[in-house]
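> got a predicted model here, sequence first, then my questions.
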Amino acid sequence: GGTRAILAAVQAHIITYLLFTREAESTHLERLCRVGQGEQREALATALAETLWAAGGGGRAVVCLITAPVTTMAPEGYRASSFTERIRLFEFSEKAAAQGFISDHINSFKGKGSHGVILFLYSLLFSRTFER
């Protein structure tokens with residue numbers, strides 16, 4: 001498994017957005033052939049926001065991002081990972097606000113070394129809540 005299940009779900013949302021949601025004058029298949037970098041970023045941000053919004057029950061979304069390195073000592077019995085300590089949570093009660101925030105920080109979810117999948121997984125967990 002690994003990350004494939006998460007990536008497959010996001011890809012399904014991206015394709016749905018590109019084929020059926022966004023405004024374009026060409027037919028469905030022609031739409032996929034003419035997707036530029038900007039539209040790709042928009043499709044990814046939309047897919048991530050919609051998935052997080054659904055995980056939050058249609059009332060909230062939590063986005064996790066990595067902050068600058070922290071120079072603190074780990075508590076006794078705890079081993080610092082230098083990743084988890086740097087996660088910052090951003091909570092949204094409006095889907096459009098979450099999508100705009102994700103769009104503004106889309107590079108945190110794509111590209112080499114961005115930890116995008118793990119950040120998205122954390123975001124899903126916090127959006128859904130541990131109780132649910």
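The structure has been received and is ready for your questions.

> residues in contact with the helix ranked longest in the chain?
Ranked by residue count and defined by DSSP state H, the top helix of the chain is helix 37-55. Helix 37-55 is contacted from outside by 9-11, 13-14, 17-18, 21-22, 35, 60-63, 95, 98-99, 102-103, 106, 109-110, 120, 123-124, 127-128, using C-beta atoms under 8 Å, 6 or more residues apart in numbering. Where C-beta positions appear, they are placed from N, C-alpha and C, glycine not excepted.

> and it, what's buried?
Neighbour-count burial for helix 37-55, counted by 16 or more other C-beta atoms under 10 Å, picks out 41-53, 55.

> repeat for stretch 97-106
For stretch 97-106, by 16+ other C-beta under 10 Å, it's 98-99, 101-102, 106.

> and what of stretch 83-96?
87, 90, 92, 95.

> please apply the same query to stretch 13-23.
Quick answer for stretch 13-23 (16+ other C-beta under 10 Å): 13-14, 17-18.

> can you check stretch 119-132 too?
119-120, 122-124, 126-128.

> just the ones of those in helices?
Using DSSP H, the members of the buried residues of stretch 119-132 that fall in helices are 119-120, 122-124, 126-128.

> ok, of the residues you listed, which one's closest to residue 3?
residue 120 (9.4 Å; C-beta to C-beta).

> do I have it right that residue 90 meets residue 104?
No: with contact defined as C-beta atoms under 8 Å, residue 90 does not reach residue 104; the gap is 10.7 Å.

> which residues in this structure form helices?
Here the chain has its helices, by DSSP H, at 4-16, 28-33, 37-55, 95-104, 116-128.

> residue 67: which of those is closest?
Residue 67 lies closest to helix 116-128 among these, at 11.6 Å (C-beta to C-beta).
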